[in-house]
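Enquirer: Below are the sequence and a predicted model; questions follow.
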Amino acid sequence: MKILFRFLFLFSCISVSCQTFGLTNKKIIAYYETINMAENKIINNDLDSANILYKKAFLINEQPFGKDLYNSMMISLKVKDKNHAFSQYQSLKCLEYPFDKNFEAHNFPDLKKSEEIKCKTSFDIAYRKTLDSLFIIDQHYRKISGGDYAKYQKEINKNDSIVSTQLLKLIQTKGFPNEYNLGLKSADKSFFQNFYLIVWHQAANNIKKPQVVNFSEDIVKALNLGKITPDNAGFLLDLNNNTNNYSSKHFDIMAFVNNPGDPKRPHDNIEKSLENEDCCYVHVWFLPENREEKGEKLVMEIDKRRKNIGMCSLDDNLKKKIFNLNNKDYQFPQAQIVGMNFTKDTDKENLKKHFIKIK
């Protein structure tokens, strides 16, 4: 699995909103709960039980998330439930998931063309093209800036205002789209849809540009309809509301990256810099035995809100993050590493002193 990096240059103090969101759809709640149990079985290496739980979840929800189809497929391959694995593989192909070139030959060497199913999924191609166009506009000045966003701040702000307003109108007119509406051509391999970045860029804590649109109500509606995973919903809700309701910086796994190039363009050599990242560091509260009363209280408060939108407990998610460090076979989208970019090695070394190295 490709590990995603979010590059942070400063720790910011984020206030906690009193606004709460919740699930009301009992069928979807049951689906989310079953998936959470299946994922826990994966990290505990109880793959037979995980395989059963995924099958149960797919009976509850006829349109399971792509990442759940993928994890179910991988488990079925490992426990040699080939028919089920092939069924999930076909479902993902119908959703246009970008499998590696040799995936089919390696995992289904005996596949016959006569065994392939005819895809019944019908995508809204016009909707996808419109969202792709908005994403291109969203990314235009960010890409040419090389990370020097201040130089293009006026242009970025203008484009963000345009694309976020248009995205909101589209969602309210056509509904919140997922892989069954758009397919997975406009998503990365961790199933994160490109248009989510437009929502991301309406973060309420960005002091350099005002928030134009808050997508929270539409995200919660989508969550109740099974259109967005609880992990992605919680992540985007926190961004849109300047909160730490569903996680906290205390529970990130961090990688420190040296980028000796132009400090105003930190993204220019990032691919090369990532080859030598210094991973993996955590805050003392990442480990339950080190939290004491203040840390435990924070976890309890976060867990109440996580449960309210169908997320697993915070500690279960931390176990997924640890599991992800050594196992790339599964997709846990919100278990990624957070990258911190430095131009001076002394700054990196001074910050590292405040964290615990776990790998």
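Expert: Nice, I can see it.
Enquirer: Residue 103: neighbour count?
Expert: 13 (other C-beta atoms under 10 Å). To be clear about C-beta, it is placed using only N, CA and C from the backbone, and glycine gets the same treatment.
Enquirer: Please apply the same query to residue 328.
Expert: With other C-beta under 10 Å as criterion, residue 328 counts 10.
Enquirer: Quick check: the gap between it and residue 159.
Expert: Note on residue 328: its distance to residue 159, by C-beta to C-beta, to the nearest Å, is 35 Å.
Enquirer: And residue 52, by the same measure?
Expert: 48 Å.
Enquirer: and if you look at residue 125?
Expert: According to C-beta to C-beta, residue 125 stands 24 Å off from residue 159.
Enquirer: Neighbour count: those two, which is higher?
Expert: residue 159 (21 against 10).
Enquirer: Chain neighbours aside, what residue packs nearest to the more buried one?
Expert: Nearest residue to residue 159 in three dimensions, chain neighbours excluded: residue 137, at 5.2 Å (C-beta to C-beta, 6 or more residues apart in numbering).
Enquirer: hang on, isn't the one you found packed against residue 162?
Expert: Yes: at 6.8 Å, residue 137 counts as touching residue 162 under the criterion of C-beta atoms under 8 Å.
Enquirer: and residue 86, what element?
Expert: Secondary structure assigned from DSSP states H and E places residue 86 in helix 82-94.
Enquirer: Give the other helices and strands that that helix contacts.
Expert: helix 66-78, helix 103-107 (3 or more C-beta pairs under 8 Å, 6 or more residues apart in numbering; DSSP states H and E).
Enquirer: Mind exporting the C-alpha coordinates of the last one to CSV?
Expert: Coordinates of the C-alpha atoms in helix 103-107 are reproduced here as CSV (Å, rounded to 0.1, in the frame of the first residue of the first chain):
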residue,chain,number,x,y,z
PHE,A,103,-1.9,-8.6,-10.4
GLU,A,104,-4.3,-10.8,-12.3
ALA,A,105,-1.7,-13.2,-13.7
HIS,A,106,-0.1,-13.5,-10.2
ASN,A,107,-3.2,-14.1,-8.2
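Enquirer: Which positions in the helix or strand that comes right after it come out as buried?
Expert: Per DSSP H and E, the first helix or strand lying C-terminal to helix 103-107 is helix 125-145. Residues of helix 125-145 classed as buried by neighbour count (16 or more other C-beta atoms under 10 Å): 127, 128, 130, 131, 134, 135, 138, 139, 141, 142, 145.
Enquirer: got it, and stretch 82-98?
Expert: For stretch 82-98, by 16+ other C-beta under 10 Å, it's 84-92, 94-97.
Enquirer: Show the model's pLDDT score for residue 105.
Expert: Looking at residue 105, its pLDDT stands at 91.
Enquirer: Could you do the one 4 residues further on as well?
Expert: For residue 109, the model assigns a pLDDT of 88.
Enquirer: Neighbours of it, how many?
Expert: Around residue 109 there are 7 residues (other C-beta under 10 Å).
Enquirer: Likewise for residue 325?
Expert: There are 15 residues near residue 325, going by other C-beta under 10 Å.
Enquirer: Now for it: which residues touch it?
Expert: With contacts defined as C-beta atoms under 8 Å, 6 or more residues apart in numbering, the neighbours of residue 325 are 253, 280, 358, 359.
Enquirer: mind redoing it with 7 Å?
Expert: Taking C-beta atoms under 7 Å, 6 or more residues apart in numbering as the criterion, residue 325 is in contact with 280, 359.
Enquirer: Next, it: secondary structure please.
Expert: For residue 325, the secondary structure call by DSSP: H, G, I helix; E, B strand; the rest coil comes out as helix.
Enquirer: quick one: it and residue 133, what's the gap?
Expert: Counting by C-beta to C-beta - residue 325 and residue 133 are separated by 37 Å.
Enquirer: Okay, and the beta partners of the closest residue to residue 348 other than its chain neighbours?
Expert: Closest residue to residue 348 apart from its sequence neighbours, by C-beta to C-beta, 6+ apart: residue 342 at 4.2 Å. Counting by DSSP bridges, residue 342 is bridged to residue 258.
Enquirer: Tell me the confidence at residue 342?
Expert: Residue 342 is given a pLDDT of 82.
Enquirer: Helices of the stretch 201-350 of the chain, residue ranges please.
Expert: Taking DSSP state H, counting those that start in this stretch as the test, the helices found in the stretch 201-350 of the chain are 216-224, 230-241, 270-274, 292-308, 314-326, 345-352.
Enquirer: Present these as a markdown table; the columns should include distance to residue 68.
Expert: Output for the helices of the stretch 201-350 of the chain, formatted as a markdown table (distance: least, C-beta to C-beta, whole Å):
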| stretch | distance to residue 68 |
| --- | --- |
| helix 216-224 | 15 |
| helix 230-241 | 11 |
| helix 270-274 | 29 |
| helix 292-308 | 18 |
| helix 314-326 | 14 |
| helix 345-352 | 36 |
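Enquirer: Provide a list of residue ranges in this protein with pLDDT below threshold.
Expert: 1-20, 112-115, 271-273 (pLDDT under 70).
Enquirer: go with 90
Expert: Residues of the chain that meet the criterion pLDDT under 90 lie in 1-22, 101, 109-121, 146-150, 189, 206-210, 256-277, 333-351, 353, 359.
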